[in-house]
Structures are given as structure tokens and as C-alpha cells.
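>>> how would this look folded up:
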Amino acid sequence: MKAEYINPFLESASLVIEQVANVRPTAGELSVKTVKLAEKYIWIQIGMTGQVEGDVVFGLHEAVAIKMISAMMGGFVVTEIDEIGQSAISELGNMISGNASTILYNQGFRVDITPPKVIHSAEAAGFVPKQALTIPLIMENIGELDIQVLIT
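Here you go, the predicted structure:
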């Protein structure tokens, strides 16, 4: 695993979150850990193919996802993750990954991304724990978004 693969996602997530939620996130500490999908979390999984193969998984606690959806909707208070909220979270993952793939392309990596897959239940997803580069993005008054890059 190369740390250079997570930087485009970190840069992209910071820009996108600032644009859609009007919050400037700060990066936590980069680490390598075993990613296990936990319950009460929303997971956005994006596949990557081409010169870089693997997955990027964005994780938010459900309470953080609700605050993020509210921020994305201009402050409209959201109390649950309904179909519109799920679509907003999916689009957040899509925008971050799309921008990151452009950054990777500009760095000389040819990659394609898959549409985002929103996962509510770790058990139902059949996700196998894997080693990943991970970094949290801390968003004031919202919470943390974990960026996990699983490159094979």
C-alpha cells in the first residue's frame, strides 16, 4: 500500500465537503488498520480499476451522516436517512471519488471508478476485513468521515 493513493482522496474530500456542507474539514492521523464494517455506520464503497485496483470506503456514523445530509441540504433538519438522504450520501462519495480519480489521472495514473455502493449493514454486505490506509476527516459540528483506501 502506498500513501500516495490516499492523498488524492483526502484532497478531494476536503474540497467537496467544503463546497457542499460549508465546513472546512481537518485531517486526522494517517494509519494502517484492518477495516471492519461496523453497525450504526453508513459505508460508501467505490471500486477502482485500471493502473490502481481496489476499493475506497468512506465511513460515517449514522448520526454524522444525518448531520452531513442536513448540511448538504442547506441546513434543512434531517432526522433519518431516507431515500433522499441515502442519495445525498451516495452522491457525496461519487463527487469525492470522481475528483480524486481526476487528481490520480493528472499524476499519471489511469483509473476508472465504479458507481458508489451505500452499505447500511456490515453483515448484509458480506464485507471481509482488510488492511487499509485510513485517515479521518474531522468536520466541526458534524463529526468524522473516515477515508479508507484498500489498494491491491
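>>> so where do the helices sit in this structure?
With helices called from DSSP state H, the chain shows them at 6-21, 62-72, 83-106, 122-125.
>>> quick one: which of the ones you listed is nearest residue 141?
Residue 141 lies closest to helix 62-72 among the helices of the chain, at 7.4 Å (C-beta to C-beta). C-betas here are computed from N, CA, C, even on glycine.
>>> before we move on, back to that, the helices of the chain into a markdown table, with extra columns for mean pLDDT and distance to residue 149?
Formatted as a markdown table, these follow (pLDDT from 0 to 100; distance: least, C-beta to C-beta, whole Å):
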| stretch | mean pLDDT | distance to residue 149 |
| --- | --- | --- |
| helix 6-21 | 92 | 5 |
| helix 62-72 | 94 | 20 |
| helix 83-106 | 91 | 10 |
| helix 122-125 | 56 | 18 |
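>>> out of everything not next to it in sequence, what's closest to the spatially most central residue of the chain?
The chain has residue 58 as the residue nearest its centroid, 2.7 Å off, counting by C-alpha atoms, centre = their mean. Excluding its sequence neighbours, the residue lying closest to residue 58 (C-beta to C-beta, 6 or more residues apart in numbering) is residue 44, at 4.3 Å.
>>> what's the local residue count around the one you found?
Residues near residue 44, counting by other C-beta atoms under 10 Å, number 24.
>>> does it really touch residue 65, like I thought?
No: between residue 44 and residue 65 there is no contact under C-beta atoms under 8 Å: 9.5 Å.
>>> joint contacts of these two?
residue 89 (C-beta atoms under 8 Å, 6 or more residues apart in numbering).
>>> nearest to residue 49, of the helices of the chain?
Taking C-beta to C-beta as the criterion, helix 83-106 is the member of these that comes nearest to residue 49, at 10.4 Å.
>>> now do the buried residues in the closest one.
In terms of neighbour count (16 or more other C-beta atoms under 10 Å), helix 83-106 has its buried residues at 85-86, 88-90, 92-97, 99-101, 103-104.
>>> helices or strands up against it?
Judged by 3 or more C-beta pairs under 8 Å, 6 or more residues apart in numbering; DSSP states H and E, the packing partners of helix 83-106 are helix 6-21, strand 41-50, strand 54-61, helix 62-72, strand 111-113, strand 117-119.
>>> if anything else comes up later, I'll come back, but that's it for now.
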